[in-house]
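Enquirer: A predicted structure for the sequence below; I have some questions about it.
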Amino acid sequence: MTLRKYKYSVLTLMLIAMLILESLASRTARTPIVSDLFLTIVAMAVFAVIFQRRWERIVAFITLAASITITWSRHLPIAAGYGISLEITQHFMQAAFFAFAVALILRNIFQAAAITRDDVAGAVCGYLLASSAWRCLFAVTAIVVPGSFAISPDLHDVASAQGRTALFSYFSVVTLTSVGYGDITPVRPPADVLAMLEAVFGQFYIAIVVAQLVGLRLAQALTPGEPPSH
């Protein structure tokens, strides 16, 4: 019961842990299987926490099952000749899954009549999941249009699927937050267009969601029988 009450808080911690582990990808001896296992666990946690209605679970399950199947099929010898195609399909399925999760989180926030601490964690989850969805699009762009990004040699190796995931997870977060360190830069379409769109999305997400959360909190404070908080 307590775990259910703090479901978004737990999921937020898992998403942060995934970002940390991905950032260490080039500095540890983690195998591709370990990386894919942790990503699978996090995706299943997202499915369990966010998708509640029957139709939501059906749609989410289709994209999640396809993503997980493709992820693990890449470890089979028979898939060796289809590695790039499978990776592209996997990224598209993951992008659809994460984007759907973000849409539902935003819907729940704007339909809520009251706000709790865990709902605030849910807004953070949406932000991190949005970053994961954009990461998938950047990874596909790097594969389909080689040379789309100018990348510092000190960053992760982009020759492997896990290296690309780690690199573009980092790039997606710094783009979403409009930090832009300059160690990885989009230099040609569609990478530059995607980067601009993600930066705009990140600014609107913060502005709109924070405004909604503050409005709900004020509404709670001013309900009859409760004195306004100062």
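Expert: Sure thing, it's come through.
Enquirer: show me the shaky parts of the protein.
Expert: Along the chain, the model assigns pLDDT under 70 to residues 1-4, 25-31, 78-82, 156-159, 224-230.
Enquirer: run through the helices of it in chain order.
Expert: For the chain, the helices defined by DSSP state H cover 2-5, 7-23, 32-50, 54-73, 83-111, 117-144, 161-176, 191-221.
Enquirer: which helices and strands sit right next to the last one?
Expert: This points to helix 191-221. Secondary-structure packing of helix 191-221 (3 or more CB pairs under 8 Å, 6 or more residues apart in numbering; DSSP states H and E): helix 83-111, helix 117-144, helix 161-176, strand 184-186. In this view, the C-beta of every residue, glycine as well, is placed from N, C-alpha and C.
Enquirer: neighbours around Val174, how many?
Expert: Residues contacting Val174 under the criterion other CB atoms under 10 Å number 16.
Enquirer: one more: Trp55?
Expert: Neighbourhood size, Trp55 [other CB under 10 Å]: 8.
Enquirer: state the distance from it to Tyr8.
Expert: 21 Å (CB to CB, to the nearest Å).
Enquirer: same question for Val174.
Expert: The gap separating Val174 from Tyr8 is 24 Å, by CB to CB.
Enquirer: now do Ala139
Expert: 26 Å.
Enquirer: residues in contact with Ser178?
Expert: Taking CB atoms under 8 Å, 6 or more residues apart in numbering, we find Ser178 in contact with 199, 202-203.
Enquirer: most neighbours among these, which one?
Expert: Result: Gly202 is most packed of the contacts of Ser178 (other CB under 10 Å), 21 neighbours.
Enquirer: which residues touch the closest residue in space to that one that isn't next to it in sequence?
Expert: Nearest residue to Gly202, sequence neighbours excluded (CB to CB, 6 or more residues apart in numbering): Leu176, at 3.9 Å. Counting by CB under 8 Å, 6+ apart, Leu176 makes contact with 127, 130-131, 134, 198-199, 201-202.
Enquirer: swap in Ala121?
Expert: Counting by CB under 8 Å, 6+ apart, Ala121 touches 6, 8-9, 11-12.
Enquirer: ok, Val145 touching Val193?
Expert: No: counting by CB atoms under 8 Å, Val145 does not reach Val193; the two are 11.4 Å apart.
Enquirer: surely Val49 meets Leu11?
Expert: Yes: Val49 lies in contact with Leu11 (CB under 8 Å); the separation is 5.0 Å.
Enquirer: which neighbours do these two share?
Expert: Shared contacts of Val49 and Leu11, defined by CB under 8 Å, 6+ apart, comprise Cys125.
Enquirer: find the nearest non-adjacent residue to Phe98, please.
Expert: Ala133 (3.9 Å).
Enquirer: how many neighbours does the one you found have?
Expert: Number of residues near Ala133 (other CB under 10 Å) recorded here: 21.
Enquirer: thought Phe100 was touching it, still the case?
Expert: No: using CB under 8 Å, Ala133 is not in contact with Phe100, being 9.0 Å away.
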